[in-house]
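[1] What would the 3D arrangement of this be:
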Amino acid sequence: MSTSALENAPVDASLEPPFSKRGVNRVSVDWLAFTLKGATVDAVLRSVETYLGEPLLDAVGGGVPGYTHHRVGASGARLCWSESADMERREAMGVHVVLPGKACASLDEDSMRGLLLWATTIGHATRCDLALDDWERTVEPRAVMGAWEHGEAVTHARSWRFIQSDSGDTFYVGKRGAKNGGLQLLRVYDKGAESGGAIDAIRYELETHGEVAQFMASALVRRNWGEVWAERVVSYVDFRIGGKRSPWFRRLVGEARRASAYAPVALRGMLETMAWLEGGVSAMLATVFEAVGGDMSFVQRLLAVGQERRTERHRQLLTFWSGAA
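    Next comes the predicted model:
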């Protein structure tokens, strides 16, 4: 599609962001990596195998740098840990889980939300990729590059690449990998060519790392994935002509507004509190609960006392969390 065709593309005035469960555009998590500290390897292994429905077997080579051992599943899922004699270093590294595209695709949305909740509250997401498949093939990657070259892009990113290969064209915005200074990267590529026709769509894939990944993964637990994708993408790069969103891009993201790249302090505080409760309090609470014969009135009394002791800080934290949900 030419640049002029992009400018004249028809637009539905009532267009909304894409949805993950309906419509021609489907949003999905295409990569998830996270680290769990304070958890045993066996416990994490059981949970991951339960989610994926496949065993992870001992493997040699191809692990994550810094970890001495890893297991791999048929989907490419990896679980990594270290058995270093240095206890402090071993605990600091925790257990690292990597779920590539094939592993993520094996999970339905509800299962992925559960996994994301576990990963972001008990652990910390280190990479999270969110992808939109445009089955209408609104524009090709080369046309997106053309829009960039014509000055439509509004972004802080300065680097871009266009690559042609036997598996189709790919347009990149940004640098790849946190260690290269790139916490976000947008890939636009022909998924139909890459998948041999299995997914005949143009894929817009936002790759995130570090705190950006943690924030986006946390949002995916409770929000509509299409809305999250649209907000995250326009926060990173928006395409506009004369101050208005380019018609072709509006067909993909609707009227989405920019979202903050990082979690506000209040949100991080709530997530950290949840992680602390699960990791530091749950075992003792379960022990006391069993000691009192499973009497729920004991737990109810604890909650009542806690409600009476809440301060303005606690109420503000709850207000923010409720508004973000």
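
[2] Just the endpoints, please. Distance across stretch 88-104?
    Taking C-alpha to C-alpha, to the nearest Å, stretch 88-104 runs 32 Å from one end to the other.

[3] Can you verify my assumption that Y204 contacts L252?
    Yes: between Y204 and L252 there is a contact at 6.9 Å, judged by C-beta atoms under 8 Å. For glycine as for every other residue, the C-beta is placed from the backbone atoms N, C-alpha and C.

[4] Y189 touches T170, doesn't it?
    Yes: here Y189 reaches T170: they are 4.0 Å apart, a contact under C-beta under 8 Å.

[5] Now the common contact residues for the two.
    Counting by C-beta atoms under 8 Å, 6 or more residues apart in numbering, the shared contacts of Y189 and T170 are P141.

[6] returning to what we had before: any shared contact partners between Y204 and L252?
    Joint contacts of Y204 and L252 (C-beta under 8 Å, 6+ apart) are 132, 134.

[7] Flag the shaky bits of the stretch 101-250 of the chain, pLDDT-wise.
    Scanning the stretch 101-250 of the chain with the threshold set as pLDDT under 70 gives 177-182.

[8] Enumerate the strands of it by residue range, in sequence order.
    Using DSSP state E, counting those that start in this stretch, the strands of the stretch 101-250 of the chain run over 123-134, 153-155, 160-163, 170-173, 184-190, 202-209, 237-241, 244-245.

[9] Format these as JSON lines; extra columns: distance to G38.
    Listed next are these as JSON lines, based on distance: least, C-beta to C-beta, whole Å:
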{"stretch": "strand 123-134", "distance to G38": "9"}
{"stretch": "strand 153-155", "distance to G38": "38"}
{"stretch": "strand 160-163", "distance to G38": "40"}
{"stretch": "strand 170-173", "distance to G38": "37"}
{"stretch": "strand 184-190", "distance to G38": "29"}
{"stretch": "strand 202-209", "distance to G38": "23"}
{"stretch": "strand 237-241", "distance to G38": "37"}
{"stretch": "strand 244-245", "distance to G38": "45"}
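
[10] My guess is R251 contacts I202. True?
    No: with contact defined as C-beta under 8 Å, R251 does not reach I202; the gap is 11.7 Å.

[11] Looking at these two, which is more packed in?
    I202 (25 against 20; other C-beta atoms under 10 Å).

[12] who's that one bridged to?
    Here I202 sits in beta bridges with D134, D190, as judged by DSSP bridges.

[13] wait, it sits on R142?
    No: with contacts counted by C-beta under 8 Å, I202 stays clear of R142, the gap being 10.8 Å.

[14] With adjacent residues omitted, what lies nearest to G66?
    M93 (6.3 Å; C-beta to C-beta, 6 or more residues apart in numbering).

[15] Let me see the contact set for L277.
    L277 neighbours (C-beta under 8 Å, 6+ apart): none.

[16] roughly how far apart are it and R309?
    With the distance defined as C-beta to C-beta, to the nearest Å, L277 ends up 16 Å from R309.

[17] Give me the distance from the strand or helix carrying L285 to the chain's centre.
    Per DSSP states H and E, L285 falls inside helix 282-291. On the basis of C-alpha atoms, centre = their mean, to the nearest Å, helix 282-291 sits 33 Å off its chain's mean C-alpha point.

[18] Ok, stretch 102-114 next?
    How far stretch 102-114 lies from its chain's middle: 12 Å, per C-alpha atoms, centre = their mean.

[19] I would like the residues contacting it, please.
    Contacts to stretch 102-114, defined as C-beta under 8 Å, 6+ apart, come from residues 20-21, 28-32, 51-54, 73, 75-77, 115, 220-222, 225.

[20] what do you get if the cut-off is 10 Å, keeping everything else the same?
    Residues from elsewhere that reach stretch 102-114 (C-beta atoms under 10 Å, 6 or more residues apart in numbering): 20-21, 27-32, 47-48, 50-54, 73-78, 97, 99, 115-116, 119, 128-129, 131, 199, 220-223, 225.

[21] Straight-line length of that stretch, end to end?
    18 Å.

[22] What are the buried residues along that stretch?
    By neighbour count on 16 or more other C-beta atoms under 10 Å, the buried set for stretch 102-114 is 103-104, 106-107, 112-113.

[23] quick one: which of Y204 and L252 has more around it?
    Neighbour totals were compared for Y204 and L252, and Y204 leads with 28 against 25 (other C-beta under 10 Å).

[24] so what's that one up against?
    Per C-beta under 10 Å, 6+ apart, neighbours of Y204: 18, 25, 27, 130-134, 138, 141, 144, 171, 186-189, 191, 229-230, 233, 249, 252-253.
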